[in-house]
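Participant: Here's a sequence, model it:
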Amino acid sequence: MTRLSVNINKIATLRNARGGDNPNVLKVALDCERFGADGITVHPRPDERHIRRSDVFELRPQLSTEFNIEGYPAPEFINLVLTVKPHQVTLVPDSPVQLTSNTGWDTKTNFDFLRDVLDQFNSANIRTSVFVNADTEMIEYAAKAGADRVELYTGPYATNYPKDRDKAIEPFLEAAQAAHKCGLGLNAGHDLSLVNLTFFHQVIPWVDEVSIGHALICDALYLGLEETIKEYKNCLR
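Facilitator: All right, here's what the predicted structure looks like:
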């Protein structure tokens with residue numbers, strides 16, 4: 001069964017907007033686990049505008065499910081990951097001022113850089129995932145660089161889904177098949193929601209993990225966190 005990793009960045013954004021510790025990031029993460037989430041994802045950006053480095057250290061020993069840290073592999077990020085040793089690290093090509101992760105790596109151009117970074121994490125027995133567009137060449141170079149998995153950037157799928165879902169899924173099915181052929185595990189994330197997740201999973205049932213934050217937290221405002229996680233898990237059955 002495809003695993004659901006809840007990205008809790010938006011919880012930290014809400015906390016930081018007012019200062020203090022409400023909502024409590026750790027409590028929400030533990031509640032997500034209790035309600036059925038298979039993992040927790042965080043993205044500690046350099047400006048700490050949502051998840052802080054201190055959150056990462058607090059979360060790691062308390063979580064009982066899979067912990068995934070994503071981010072751009074600057075030296076500070078690499079040191080953080082090697083110190084905390086999450087179950088998985090997801091490499092994204094974001095600049096420090098980028099609002100959100102909205103494109104994948106050019107793994108061919110950045111091959112040497114990614115290979116060196118991936119080697120450090122692989123040597124520490126941390127599973128590695130590289131954020132890529134639905135592009136077979138980028139997936140092939142991610143495999144050559146030493147990635148364990150790729151995470152498909154699903155923003156274009158979500159954008160095009162209302163117009164023609166069959167056409168929207170085509171490049172992602174091709175990319176997923178390419179990843180399987182390369183021996184890579186497969187993750188997916190960005191703008192997946194209760195509207196489009198079921199179809200994505202029906203067409204690509206072998207996806208290992210979906211990482212969902214923004215849409216899930218928005219849905220939780222109306223449905224409540226427990227019911228929302230249940231609904232997302234139902235999309236993956």
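Participant: can I assume Asp116 sits in a strand?
Facilitator: No. For Asp116, which was evaluated using DSSP: H, G, I helix; E, B strand; the rest coil, the result is helix, with no strand membership.
Participant: any weak-confidence spans in this structure?
Facilitator: Scanning the chain with the threshold set as pLDDT under 70 gives 95-101.
Participant: so where's the longest helix in it?
Facilitator: Taking DSSP state H as the criterion, the chain has its longest helix at helix 165-181.
Participant: That one: which residues count as buried?
Facilitator: By 16 or more other C-beta atoms under 10 Å, the buried positions in helix 165-181 come out as Arg165, Ala168, Ile169, Pro171, Phe172, Ala175, Ala176, Ala178, Ala179. For every residue, glycine as well, the C-beta is placed using N, CA and C.
Participant: okay if I get those as JSON lines plus distance to Asn110?
Facilitator: JSON lines is the format used below for those (distance: C-beta to C-beta, whole Å):
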{"residue": "Arg165", "distance to Asn110": "32"}
{"residue": "Ala168", "distance to Asn110": "27"}
{"residue": "Ile169", "distance to Asn110": "27"}
{"residue": "Pro171", "distance to Asn110": "21"}
{"residue": "Phe172", "distance to Asn110": "22"}
{"residue": "Ala175", "distance to Asn110": "18"}
{"residue": "Ala176", "distance to Asn110": "22"}
{"residue": "Ala178", "distance to Asn110": "18"}
{"residue": "Ala179", "distance to Asn110": "18"}
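Participant: For the longest helix of the chain, enumerate the helices and strands it packs against.
Facilitator: Applying 3 or more C-beta pairs under 8 Å, 6 or more residues apart in numbering; DSSP states H and E, one finds that helix 165-181 contacts helix 136-145, strand 149-153, helix 155-160, strand 185-189, helix 197-203.
Participant: so that helix versus strand 149-153, what angle?
Facilitator: Interaxial angle of helix 165-181 relative to strand 149-153 (axes from the mean of the first three to the mean of the last three C-alpha atoms, to 10 degrees): 160 degrees.
Participant: Verify the contact between Asp148 and Val130 for me.
Facilitator: No. Asp148 lies out of contact with Val130 (C-beta atoms under 8 Å); the separation is 9.0 Å.
Participant: More neighbours: those two, which one.
Facilitator: More neighbours surround Val130 than the other of Asp148 and Val130, with 30 against 20 (other C-beta atoms under 10 Å).
Participant: doesn't that one fall inside a helix?
Facilitator: No. Read with three-state DSSP, Val130 is strand and lies in no helix.
Participant: and it, what does it touch?
Facilitator: Residues in contact with Val130 (C-beta atoms under 8 Å, 6 or more residues apart in numbering) are 90-91, 104-105, 107, 114, 118, 142, 145, 147, 149-151.
Participant: and the two most separated of those?
Facilitator: Maximum pairwise distance in the contacts of Val130, criterion C-beta to C-beta, is 15.1 Å, between Gly104 and Leu118.
Participant: what about the residue nearest to Asn110 when sequence neighbours are not counted, neighbour count?
Facilitator: Once flanking residues are discounted, Asn110 sits nearest to Pro93: 7.5 Å by C-beta to C-beta, 6 or more residues apart in numbering. By the criterion of other C-beta under 10 Å, Pro93 has 18 neighbours.
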